[in-house]
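Chemist: Got a sequence here, can you build the structure:
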Amino acid sequence: MIDIATFGPGGNSESFYAEGNKGTVNAPKWVKEKGLDAYEFEAGNGLNASEETLAKIGEQARIHGVLMSFHTPYYISLSGVEEEKRLKSIDYIKRSLRAAELLGADTIVVHSGSAAKISRAEAMALASDTLRKTVEAIGHTDIHIGLETMGKVNQLGTLEEVIELCGISPEFYPVVDFGHLNARHIGGYFTDVDSYRFIFDKIANELGDKYAYNLHCHFSKIEYTQAGEKRHLTFADEEFGPEFEPLAEAIVREGVAPRIICESAGTMAEDALYMKKKWEEAREK
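Modeler: Below you'll find the predicted structure:
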């Protein structure tokens, strides 16, 4: 258990490469030197790194004291109507757990599924079945299998749906993407400190304090339409939200220690450092 909020990027900022770095093996050292604490390895488009490379990244993370997590491929389909695809998804989760082990990561992040062509009730039933089969296939693991709140209206991944799916097994942990929740509610979801505090309180009340205390989070400003998420932005954007400052205060007032991974468009590390500084300022008030 970590007793302090931690911050880091999801993947490599443009500045990482601009400074001459060519591979993610250098990322943990670079992140630490920037004043950050965490790093999420992004495998959304597929896991292409070798086990040797993953192990080297994990070794560097241990040397530099950087907390690691792993984002699984986007093509995992918990609620796919074709059973073959759902069974393949279980295999992808198993492979992701192996990658996380090599990285020294304590969490993998999995998208909750789609409800585009079927009802939400049908999608939840299929996702629940996939997750039960996942537990049967992997048994106990010390790596948290994180189920993420999603940004598009036709995706599974409301806070309530994620909490319900996490209730299937202690192996499943909620991953709250604040930008996604704001986007799927067409903005205005996070308006003040209490709207952020609600997230931690609801998770603690329905799943238990340990799930809320070290909550794994994603944060970025996200452009949205009536269908929800459109694209990730940077903190320089002034039109779309959400704003981080009320969350910084909520973290302090709730007495929690989340890990917040920034998924801004190209400025992940810079915006993560901004968040860390705002949280530090909130602590000092």
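Chemist: Any idea how many residues pack against Trp279?
Modeler: For Trp279, the neighbour count with other Cβ atoms under 10 Å is 23. The C-beta positions use only the backbone N, C-alpha and C, and glycine is treated the same way.
Chemist: Kindly provide the distance from the closest residue in space to it that isn't next to it in sequence to Ile186.
Modeler: Excluding the flanking residues, the one nearest Trp279 by Cβ to Cβ, 6 or more residues apart in numbering is Ala248, at 4.4 Å. Counting by Cβ to Cβ, to the nearest Å, the gap from Ala248 to Ile186 is 24 Å.
Chemist: and those two? which has more neighbours close in?
Modeler: Comparing Ala248 with Ile186 by other Cβ under 10 Å, the one with more neighbours is Ala248, at 24 against 13.
Chemist: how close does the more buried one get to Met1?
Modeler: 21 Å.
Chemist: for Met124, same thing?
Modeler: 31 Å.
Chemist: more crowded one of those two?
Modeler: Met124 (20 against 6).
Chemist: Tell me who's in contact with the more buried one.
Modeler: Met124 is in contact with Ser79, Ala115, Leu156, Glu161, Glu164, Leu165, counting by Cβ atoms under 8 Å, 6 or more residues apart in numbering.
Chemist: likewise Glu51?
Modeler: Applying Cβ under 8 Å, 6+ apart, the residues near Glu51 are Arg98, Leu102.
Chemist: Look up how far Gly146 lies from it.
Modeler: Distance from Glu51 to Gly146, by Cβ to Cβ: 22 Å.
Chemist: Repeat that for Met268.
Modeler: Distance of Met268 to Gly146, given as Cβ to Cβ: 18 Å.
Chemist: Over to Gly188?
Modeler: The gap separating Gly188 from Gly146 is 26 Å, by Cβ to Cβ.
Chemist: Who has more neighbours out of those two?
Modeler: The neighbour comparison of Gly188 against Gly146 (other Cβ under 10 Å) goes to Gly146, with 25 against 10.
Chemist: Quick check, that one in contact with Val110.
Modeler: Yes - when contacts are counted by Cβ atoms under 8 Å, Gly146 is listed as touching Val110 (6.4 Å).
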